[in-house]
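> the following comprises the amino acid sequence and a computationally predicted model.
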Amino acid sequence: MTKKLLKTTLGLIFAGALSAGAAFASPTCLSTTNLGDGGSVAAASLTSGSCLVVNDLTYGNFHIANLPVGASISFNTNTLGGLDYYQISFDGKFKAGKPAAKIYSWDYEVAITGPTGIGAGFTSIDADFTQTVGKSTRTLTTSPLASDVITQVKNGPNLTNTSISHADFGLGLTSLKISEILADLGTVSSVTSTLTAFIPPQNPPEVPEPFTLALLGGGLAGMSLLRRKKR
């Protein structure tokens, strides 16, 4: 391979790697509230430029004026098997429309902003909503687009068989926009989404080299001999 061809090939690979992780920049933040592992805020308290930090994620650019009066937004984080699960829940007294559905819509952006190692990114999203009676439809889309558009229809508390509640992302996605539409004909009280993220540490523990391990073993053996001599 010629130097020119090699340079072009490497450039394409590098550009591809950048585009794989590119989506939105981090949300625009004029004020930031750190919630640690999670917490709850009143939706009405979030103004233009408000951002919420939950561990390694930053949520912002909220457009939530269409939520019910008195609605709150809750966050929760869990870690299992090397993956982090970030749940966001929109809670409130959603009012069913009669006879037509009452339409609620909102959107926001989220980005991995904490210090991370190579390969960090969102891997998937799962969704659900709480309802006791009635029939409601919830649609969730992401940009960049996930493998599926999440569409959920519930009759009472149960999802229909055609509902889609899970979608996967491509590699290296570190920021995205989430848009929601809820057509309420029931008694919806909570709408949740859970992002799964792989966030390796920025500086993982170094694995000792064989020579270092040999020195460590020799040192331990020497300490053992000294103990025996003292006896």
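Arrived safely.

> who does residue 34 form a beta bridge with?
residue 53 (DSSP bridges).

> tally of neighbours for residue 149?
Close neighbours of residue 149, defined as other CB atoms under 10 Å, add up to 12. C-beta coordinates here come from the backbone N, C-alpha and C atoms, glycine included.

> tell me the pLDDT at the residue lying closest to it once chain neighbours are set aside?
What sits nearest to residue 149 in space, not counting adjacent residues and going by CB to CB, 6 or more residues apart in numbering, is residue 141, at 5.3 Å. We have a pLDDT of 97 for residue 141.

> backbone phi and psi for residue 44, please?
phi -70, psi -20 (degrees, to the nearest 10).

> ditto for the one 3 residues further on
With angles defined as degrees, to the nearest 10, residue 47 shows backbone torsions of phi -110, psi 180.

> how many other residues sit next to it?
9.

> hmm, back to that, list the contacts for the residue nearest to residue 149?
Neighbouring residues of residue 141 by CB atoms under 8 Å, 6 or more residues apart in numbering: 149, 150, 178, 179.

> same check on residue 90?
Residues near residue 90 by CB under 8 Å, 6+ apart: 43, 64, 67, 71, 72, 73, 106, 180, 190, 191, 192.

> show me the beta-bridge partners of the spatially most central residue of the chain.
Nearest to the mean C-alpha position of the chain, by CA atoms, centre = their mean, lies residue 195 at 3.5 Å. On the basis of DSSP bridges, residue 195 is bridged to residue 86, residue 125.

> need the per-residue pLDDT for it.
98.

> if I look at residue 103, how far off is residue 67?
Using CB to CB, to the nearest Å, one gets 12 Å for the distance from residue 103 to residue 67.

> between these two, who's got more neighbours?
The neighbour comparison of residue 103 against residue 67 (other CB under 10 Å) goes to residue 67, with 23 against 12.

> tell me the SS of that one?
coil (DSSP: H, G, I helix; E, B strand; the rest coil).

> grab the nearest non-local neighbour of it.
Computed as CB to CB, 6+ apart, the closest residue to residue 67 that is not its neighbour in sequence is residue 43, at 5.1 Å.

> next: residue 202.
Nearest residue to residue 202, sequence neighbours excluded (CB to CB, 6+ apart): residue 115, at 4.2 Å.

> what is the burial count for that neighbour?
Applying other CB under 10 Å, I find that residue 115 has 11 neighbouring residues.

> and it, backbone torsions?
phi -60, psi 130.

> confidence score at residue 2?
Value listed for residue 2 in the pLDDT field: 46.

> could you do residue 23 as well?
Looking at residue 23, its pLDDT stands at 49.

> for residue 135, same thing?
Confidence score, pLDDT, at residue 135: 93.

> which residues touch it?
The contact partners of residue 135, by CB under 8 Å, 6+ apart, come to 153, 154, 155, 156, 185, 186.

> now go through these and say which are in helices.
Cross-referencing the contacts of residue 135 against helices under DSSP state H gives no overlap.

> just the ones of those residues in strands?
153, 154, 155 (DSSP state E).

> drop anything exposed from those.
For the ones in strands among the contacts of residue 135, a neighbour count by 16 or more other CB atoms under 10 Å gives the buried set as 153, 154.

> same list (the ones in strands among the contacts of residue 135) but as TSV, adding pLDDT and distance to residue 33.
What follows is those, written out as TSV (pLDDT from 0 to 100; distance: CB to CB, whole Å):
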residue	pLDDT	distance to residue 33
153	98	35
154	97	32
155	95	38
